[in-house]
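# got a predicted structure here, sequence first:
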Amino acid sequence: MKNVFWIIVLIIIVIAIYNAFSYMKKGIQFDNVGSLFKVQYGLQGYNTQVPSSSNGVSNTGAGVGSQNNQEESSNRNVIQEPQRPNITPPAGFTIDQISSYYRLVRISGVSPAWSWTSTGQFTLQADGSLKKGIDITGWRVRSNRGDILIPQAVSNYDPSGLFPEGDIILAPGAQAIFYSSASPIGRNFRMNKCIGFLDTTYKFNPSLSSYCPAMYERSEIAGFSGRCQNIIFSLGGCSAPSAAQLNSVSNESACKDFLDRFNYTGCYRKYSLAADFFSNEWRVWLGSTLFFDSSHDKIQLFDKEGLLVDQYIY
């Protein structure tokens, strides 16, 4: 009887386990559970297709989040060029007639010639915020009466005579001053620390700078005679010794040789390699009367393409 009892108990346990298993099978979709274990490695017998996200972008590889991060990183590496502000063209001009250099070079210092003998002038000033220089040779300055073509000039006026002309490049903040008079040396040029010495030989109108660097050290002249030293001390600014002064020390060869350096050539040799030798100013002599009205006029600056850069009305 005991054996019968345990057989009945075993049958009841098997039936209970079977019923429990059947209930669990109905409540759980094993296909869904299996999909949690699908991988992307392409192994035989596995489904390697990964479901797409709701926005239609495949989640393969780095995934949507990684893709967005790559795009953001790429955007950060792009240097955006600053955009020029919108320009309102002056009266009589359309936006297509405005130069990309508009108001980066300005007209200033306009002074009409009041008579045939007086000198007229004007200045072109480059904006100090520029990152590089602007070539203004070939640009035109136009008034109500006529126009002027901006010529070339000498950037490095070498006293040896090897000074070819080239285009005028206005560095940031630099200026070019134009005169209606003629250059006595037949050249336009960039100013430098020694250029004022040229006025001792040539008569410029208007005159050049009267400031020049010192041409000697005190220890260099200490062995000269008192008369020689007095002459040297008298040579202020960009002045050179006169013929009378040179004759007074004609018997002092060392003193006379030393005085020979007080000119543009001597100054150039002494200072031309200095970092601050060249100036940010150009001088241009047009050699003709400016076509500017002495009372009122409209002066306009055009680039090589004939587009407006600036205008000055007085």
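Received the coordinates, thanks.

# can you pull the phi/psi pair for residue 197?
phi -70, psi -20 (degrees, to the nearest 10).

# stretch 139-150 spans what distance, first to last residue?
Start and end residues of stretch 139-150 are separated by 6 Å (C-alpha to C-alpha, to the nearest Å).

# give me phi/psi at the residue nearest to the spatial centre of the chain?
For the chain, the residue nearest the mean C-alpha position is residue 131 (1.4 Å; C-alpha atoms, centre = their mean). Per-residue torsions, residue 131: phi -90, psi -20 (degrees, to the nearest 10).

# correct me, but it touches residue 172?
Yes: the criterion here is C-beta atoms under 8 Å, and residue 131 meets it with residue 172 at 7.3 Å. (Glycine included, C-beta is placed from N, CA and C.)

# I'd guessed residue 128 sits against residue 174; true?
No: under the criterion of C-beta under 8 Å, residue 128 is not in contact with residue 174, lying 9.1 Å apart.

# who has more neighbours, those two?
Remark: of residue 128 and residue 174, residue 174 carries more neighbours, 21 against 9, as counted by other C-beta atoms under 10 Å.

# so who does that one touch?
125-126, 133, 280-282 (C-beta atoms under 8 Å, 6 or more residues apart in numbering).

# which one of those residues is nearest residue 216?
Residue 216 lies nearest to residue 281 out of the contacts of residue 174, by C-beta to C-beta, at 26.4 Å.

# what's near enough to touch that closest one?
174-177, 190-191.

# residue ranges with poor pLDDT in the stretch 51-200 of the chain?
Residue ranges of the stretch 51-200 of the chain with pLDDT under 70: 51-85, 115-117.

# quick check: residue 179 vs residue 132, distance?
Distance from residue 179 to residue 132, counting by C-beta to C-beta, to the nearest Å: 27 Å.

# how many residues are close by residue 266?
18.

# that one: what secondary structure?
When classified by DSSP: H, G, I helix; E, B strand; the rest coil, residue 266 comes out as helix.

# confidence score at it?
Residue 266 is assigned a pLDDT of 96 by the prediction.

# quick one: the strands in this structure, in order.
Along the chain, counting by DSSP state E, strands occupy 105-111, 121-126, 134-135, 140-142, 147-149, 169-170, 175-179, 189-192, 278-285, 298-302, 308-313.

# between those, which gets nearest to residue 97?
Nearest to residue 97, of the strands of the chain and by C-beta to C-beta, is strand 308-313 at 5.9 Å.

# what angle separates that closest one from strand 121-126?
Counting by axes from the mean of the first three to the mean of the last three C-alpha atoms, to 10 degrees, strand 308-313 lies at 140 degrees to strand 121-126.

# residue contacts, residue 179?
119-121, 205-206, 283-286.

# ok, 6 Å please
By C-beta atoms under 6 Å, 6 or more residues apart in numbering, residue 179 lies in contact with 119, 121, 285.

# closest one of those residues to residue 295?
Of the contacts of residue 179, the one sitting nearest to residue 295 (C-beta to C-beta) turns out to be residue 121, at 17.0 Å.

# how close does that closest one sit to residue 161?
For residue 121 relative to residue 161 (C-beta to C-beta), the value is 28 Å.

# with residue 107 instead?
According to C-beta to C-beta, residue 107 and residue 161 sit 34 Å apart.

# and these two? Which one has more around it.
residue 107 (18 against 6).

# what's opposite the more buried one in the beta bridge?
Beta bridges link residue 107 to residue 124 when assigned by DSSP bridges.

# what distance do you get for it to residue 244?
For residue 107 relative to residue 244 (C-beta to C-beta), the value is 46 Å.

# could you do residue 125 as well?
In this view, residue 125 and residue 244 are 43 Å apart by C-beta to C-beta.

# do the same with residue 178
According to C-beta to C-beta, residue 178 and residue 244 sit 38 Å apart.
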